[in-house]
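Q: please work out how this folds:
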Amino acid sequence: MLDKTSSFGVPPGRGGHRPHVVGIGGTTRIGSSSETALRFTLAAAERLGASTEMIVGPLLDLPMYDPSDDHRSPSARRLVQSLRRADGVIISTPSYHGALSGVIKNALDYVEDMRGDARPYFDGRAVGVIVTAFGAQALGTTLVGVRSIVHALRGWPTPFGAALNSQNKPFESGLPANREVELQLETVATQVVRFAAIQHAVTEDEMRYQRASASGA
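A: Residues are numbered from 1 along each chain as shown. Here you go, the predicted model:
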């Protein structure tokens, strides 16, 4: 199991900063494979020092995104507020007919509400991707599709994406069934947390430089 002293460890951020990682995933059904994968990955991120938040199940039961309607349901407002606080994001989706699920796509469409933010969309955030599918064929196309969406939202897809074949029963009693599944999910967590820590340090350096320039130092 991954811990803070393993080869995957991430050193604490400056000033004790804890990266905040928001996970979006699963289906409206509690306990799906994609939700189980997300839970384990966020737990790995916490062991690396991150704080985490998970948006799954009923919290994904959002009205269809309508850019012409400014009204937002409580669950939609919570989703956007959570993503605004995020230093990193993890998306875990089942593959439906070779693409991400409509539920996850609809949730990502709400990121459009962040277009006017100081950090618009997913700008400056690492985004890890997990895909589950019953069979291997749909895993690659769905992974590429989600990464394309992340690019369009100005996010940084992590180099590694987890692809889990549900046909192979990757989970037993809510835990990864073997080390290969564990390693995939731990790698996603590590890359998201590591990037968030680096990005925070860079931002701090930039702010110090701007303050020093403004003071004439």
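Q: endpoints of stretch 153-170, how far apart?
A: Criterion C-alpha to C-alpha, to the nearest Å; first-to-last residue distance in stretch 153-170 is 30 Å.
Q: how about residue 159: what's its closest non-neighbour residue?
A: Nearest-residue entry for residue 159: residue 191, 6.5 Å, with adjacent residues in sequence omitted and distances by C-beta to C-beta, 6 or more residues apart in numbering. For every residue, glycine as well, the C-beta is placed using N, CA and C.
Q: state whether that neighbour is indeed within a strand.
A: No - the assignment for residue 191 is helix, going by DSSP: H, G, I helix; E, B strand; the rest coil, so no strand is present there.
Q: quick one: it from residue 134, how far?
A: Summarising the geometry, the distance separating residue 191 from residue 134, computed by C-beta to C-beta, to the nearest Å, is 26 Å.
Q: again, but for residue 177
A: With distances defined as C-beta to C-beta, the gap from residue 177 to residue 134 amounts to 15 Å.
Q: next up, the contacts around the residue nearest to residue 159.
A: For residue 191, the contacting residues are 126, 128, 158, 159, 160, taking C-beta atoms under 8 Å, 6 or more residues apart in numbering as the criterion.
Q: looking at this protein, which helix or strand is least sure?
A: Of the helices and strands making up the chain, the lowest-confidence element is helix 179-215, at a mean of 81, by mean pLDDT, DSSP states H and E.
Q: give the other helices and strands that the strand or helix carrying residue 128 contacts.
A: Assignment of secondary structure by DSSP states H and E places residue 128 within strand 126-133. Here strand 126-133 is seen to pack against helix 33-47, strand 88-96, helix 137-152, strand 156-157, strand 162-165, helix 179-215 when contacts are counted using 3 or more C-beta pairs under 8 Å, 6 or more residues apart in numbering; DSSP states H and E.
Q: show me the residue at the heart of this structure, geometrically.
A: The geometric centre of the chain, computed from its C-alpha atoms, lies nearest to residue 90 (C-alpha atoms, centre = their mean), at 1.3 Å.
Q: what's across from that residue in the sheet?
A: Partner residues in beta bridges with residue 90: residue 23, residue 128, with DSSP bridges as the criterion.
Q: that one contacts residue 188, doesn't it?
A: Yes - counting by C-beta atoms under 8 Å, a contact exists between residue 90 and residue 188, whose distance comes to 6.5 Å.
Q: who's in contact with the residue nearest to the centre of the chain?
A: Applying C-beta under 8 Å, 6+ apart to residue 90 gives the contacts 21-25, 38, 41-42, 45, 127-130, 188-189, 192.
Q: before we move on, the earlier item: give me whichever of the helices and strands packed on strand 126-133 is most buried.
A: Counting by mean count of other C-beta atoms under 10 Å, strand 88-96 has the highest mean neighbour count of the helices and strands packed on strand 126-133, with a mean of 27.
Q: now the angle from that one to strand 126-133?
A: Comparing the axes of strand 88-96 and strand 126-133 via axes from the mean of the first three to the mean of the last three C-alpha atoms, to 10 degrees yields an angle of 20 degrees.
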